[in-house]
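K.L.:
return atomic coordinates for the entry below.
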Amino acid sequence: MEHLVFDANYEWVPVTDDHRNPYQFPVPVGHLRARHRGAAVYRWVSRRFDGTVESIYVGETDNLGRRIYGYLNPGPSQQTNLRMNDEFKSLVADDHVVTLEYARFESIRLAGTQIPITFLADKHVEDRGARHGVVQPSVPMKRRV
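P.N.:
Below is the predicted model:
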């Protein structure tokens, strides 16, 4: 069996509004849709009032602005968006702050070869799940009972 090593250096950056304030659910995202139209690996982070991270949901998209809009305005057949919207509302009702961040990639190496950052925006790469490998070690958002 052969192994292929995929290594990425990245940092999580808050999605911000025009005044550089971090986005917090459920603020409308009209202005964010235009600023964040590109492909992204993103995460929703739920923090308790004391700042302790309770849960994280990681995803990827070819258009972050459209994806954010879908979470805030889920259609009747969009099961994931409906589920996440309900979860976020529940967390906010329990005095949690739900924020959104995206991964800013500094470098990517595949089998020891430097790969351009634009690699992540390639639809063929997305279809094969390469973005998921970058952020796999995360804590899934769980339904609280």
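K.L.:
longest strand of the protein?
P.N.:
strand 97-110 (DSSP state E).
K.L.:
so where do the strands sit in the chain?
P.N.:
6-14, 40-47, 53-61, 97-110, 113-115.
K.L.:
related to what we said a few turns ago, give the rounded mean pLDDT of the longest strand of the chain.
P.N.:
Strand 97-110 shows a mean pLDDT of 89.
K.L.:
just to revisit the earlier point, most packed of the strands of the chain?
P.N.:
strand 40-47 (a mean of 21; mean count of other C-beta atoms under 10 Å). (Glycine included, C-beta is placed from N, CA and C.)
K.L.:
sheet partners, orientation included, of it?
P.N.:
Applying DSSP bridges, strand 40-47 is found paired with strand 53-61 (antiparallel), strand 97-110 (antiparallel).
K.L.:
Serialize the strands of the chain to CSV and add fields for distance to Val27.
P.N.:
Converted to CSV, the strands of the chain look like this (distance: least, C-beta to C-beta, whole Å):
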stretch, distance to Val27
strand 6-14, 13
strand 40-47, 13
strand 53-61, 18
strand 97-110, 10
strand 113-115, 35
